[in-house]
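Asks: Sequence plus the predicted model coming up.
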Amino acid sequence: MTSNYAERVKQADKLRSGELIKSLRNNAGGVDRHDYITWARALAEVNEHITVPEEKIGEAAKAYMELGRELRCQLAWPDNAITVQPQGSVNTRTLIRAPDASKFDIDAVCQVDISRVQANDPLAFFTTIGDALRVILGKENPPEPGKRCWRILFPEKPFYIEFAPSVPLENVRLETRQVLNPRFYATQRYAKTALAVVDRPTKWWKTSNPQGFADWVNEIAKNRLIGGHLIKANVLARTDGVEPVPDQDVELSDTLRIAIRLFKRHRDMCARRQYIDGQYRPISIVIVTLLSSCYQGLADIGRVYSHPLELLLDLAELMPNMVVQDENGYRIDNPTVAGENFAERWNDLDGGSERTKAFKKWCAQLQGDLRAILGETDDVKILEKTRDVFGCSHSTGTPGSGVKLTRKPPPVVVPSNGLA
């Protein structure tokens, strides 16, 4: 019996052109197909450029850990009743620099065990956390309320923190669970990490599972779709240590995470260059979900690749056709919260068609830009074209990728010193 992901990949495979792989193999000429060295080197350099430096990650992690400690003191809650953990792209090791000067964000979830500290009123609970943060941060740096989190800006720092108050779903009382939207419930496999977060627009709780989602992505990334001689065990191994924030070093053979990083960066460049309307650009959770589902589907049907670059190109062509469309519209299911549709806003009368249009236009632009990169055969022009497409300044090498530049780097194409 084949998996749902496998079936979707099979359907997506029927709809794609296959032009990217053809371009790669045709233009490789007499080069050994297991090498594709210059294209791989160029993409590895982009990955290195868009990686947020470890010292910046460490600085942000220190800030949110300190916030957690001070929050426990301020609220006088027992230490074992409150925990603060990172979530989002930093947990899946897909955090990237932005092409502009904007800050990167560390998403943190503040979990309070309401079997010890009762939180019957979601908005009161949210406000309690915000009031404590105001005391901790002072008048100069007050937290800003969002839909489900408190945003904390740090002047003179390259990051900000989005702090989401929550309670473990498995510990909430029955009366509290009954206020949750019945359409949304935690899938059984990831039920242990499910949370109830405060949803300010509805003034109720909402089921969420950021740790479960990160676990889902990290589990899928373990699948080995590349020939064994190209895989390094330490690359695909999940980071499950005592470090509060996972190591962000990712190599080209870790192709799922590389695809997520590169495609997110390409989306950002498309918005910056106004190829798509930035207001309607595909959100990161959509890109991550589609790519991870596709990657798992390829693993389920037993697809094996001789080089990470071939897999990367397949993901680019299959991704747009992984979106489900039925009588209710477009659907991209959250694998950890049943009933949640990450493409729900695509079906809205207000801006829905613009979001769909932006997604399709971006996917077409991504494939076109990759074809353009593969169309170059001169080493220097390949590097230059790749840097141009992804908006990267030159670098002298790609530490951790196993690839070194053998030529003098071309001039800077699009400077980028922001983080996101």
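Replies: Structure received.

Asks: neighbours around the closest residue to N321 other than its chain neighbours, how many?
Replies: Nearest non-adjacent residue to N321, counting by C-beta to C-beta, 6 or more residues apart in numbering: A12, 3.5 Å away. C-betas here are computed from N, CA, C, even on glycine. The tally of other residues near A12 (other C-beta atoms under 10 Å) stands at 22.

Asks: In what element of secondary structure is A12 found?
Replies: Element membership of A12 [criterion: DSSP states H and E] is helix 4-15.

Asks: Can you spell out which helices and strands pack onto the helix or strand just after that helix?
Replies: Heading C-terminal from helix 4-15, the first helix or strand you meet, by DSSP H and E, is helix 19-27. Judged by 3 or more C-beta pairs under 8 Å, 6 or more residues apart in numbering; DSSP states H and E, the packing partners of helix 19-27 are helix 308-318, helix 352-375.

Asks: what's the following helix or strand after the helix or strand bottoming out on mean pLDDT in the chain?
Replies: Ranked by mean pLDDT, DSSP states H and E, the weakest helix or strand in the chain is helix 233-236, scoring a mean of 34. Next along the chain after helix 233-236, taking DSSP H and E as the criterion, comes helix 255-272.

Asks: now the angle between helix 308-318 and that next one, please.
Replies: Going by axes from the mean of the first three to the mean of the last three C-alpha atoms, to 10 degrees, helix 255-272 is angled at 50 degrees with respect to helix 308-318.

Asks: Let me have helix 255-272 in CSV, keeping just the CA atoms, if that works.
Replies: What follows is helix 255-272, C-alpha atoms only, in CSV (Å, rounded to 0.1, in the frame of the first residue of the first chain):
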residue,chain,number,x,y,z
THR,A,255,19.0,18.3,0.0
LEU,A,256,15.6,18.8,1.7
ARG,A,257,16.9,21.6,3.9
ILE,A,258,19.0,23.0,1.1
ALA,A,259,15.9,23.2,-1.1
ILE,A,260,13.9,24.9,1.6
ARG,A,261,16.7,27.5,2.2
LEU,A,262,17.3,28.2,-1.5
PHE,A,263,13.6,28.3,-2.5
LYS,A,264,12.8,30.7,0.4
ARG,A,265,15.7,32.9,-0.6
HIS,A,266,14.5,32.9,-4.3
ARG,A,267,11.0,33.8,-3.1
ASP,A,268,12.4,36.7,-1.2
MET,A,269,14.4,37.9,-4.2
CYS,A,270,11.3,37.6,-6.5
ALA,A,271,9.4,39.9,-4.0
ARG,A,272,12.3,42.3,-3.7
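
Asks: Buried residues, the helix or strand that comes right after that helix. List them.
Replies: Helices and strands here follow DSSP H and E; after helix 255-272, the next one along the chain is helix 284-300. Buried residues in helix 284-300, counted by 16 or more other C-beta atoms under 10 Å: 284, 286-300.

Asks: what's in contact with stretch 128-135?
Replies: For stretch 128-135, the surrounding residues in contact (C-beta atoms under 8 Å, 6 or more residues apart in numbering) are 67, 71, 74-75, 110, 119, 142-143, 145, 150, 152, 163, 165.

Asks: and these, which two are the farthest apart?
Replies: Comparing all pairs in the contacts of stretch 128-135 by C-beta to C-beta, the longest separation belongs to A119 and P142, at 22.4 Å.

Asks: For these two, work out which one has more neighbours and name it.
Replies: More neighbours surround A119 than the other of A119 and P142, with 22 against 14 (other C-beta under 10 Å).

Asks: OK, contacts around the most centrally placed residue in the chain?
Replies: Nearest residue to the geometric centre of the chain (C-alpha atoms, centre = their mean): S89, 4.4 Å. By C-beta under 8 Å, 6+ apart, S89 lies in contact with L95, I96, D107, S284, V288.

Asks: Could you do N328 as well?
Replies: Contacts of N328 (C-beta under 8 Å, 6+ apart): N347.

Asks: next one: the helix or strand encompassing G130 to chain centre, how far?
Replies: Per DSSP H and E, G130 falls inside helix 122-137. Centroid separation between helix 122-137 and its chain, computed with C-alpha atoms, centre = their mean, to the nearest Å, is 28 Å.

Asks: just stretch 218-227 next, same as before
Replies: In terms of C-alpha atoms, centre = their mean, the centre of stretch 218-227 is set 17 Å apart from its chain centre.

Asks: Start at 51, not 1
Replies: Done: numbering now begins at 51, and the last item shifts to stretch 268-277.

Asks: Buried residues, that stretch. List them.
Replies: For stretch 268-277, the neighbour count (16+ other C-beta under 10 Å) marks N268, I270, A271, L275, I276 as buried.
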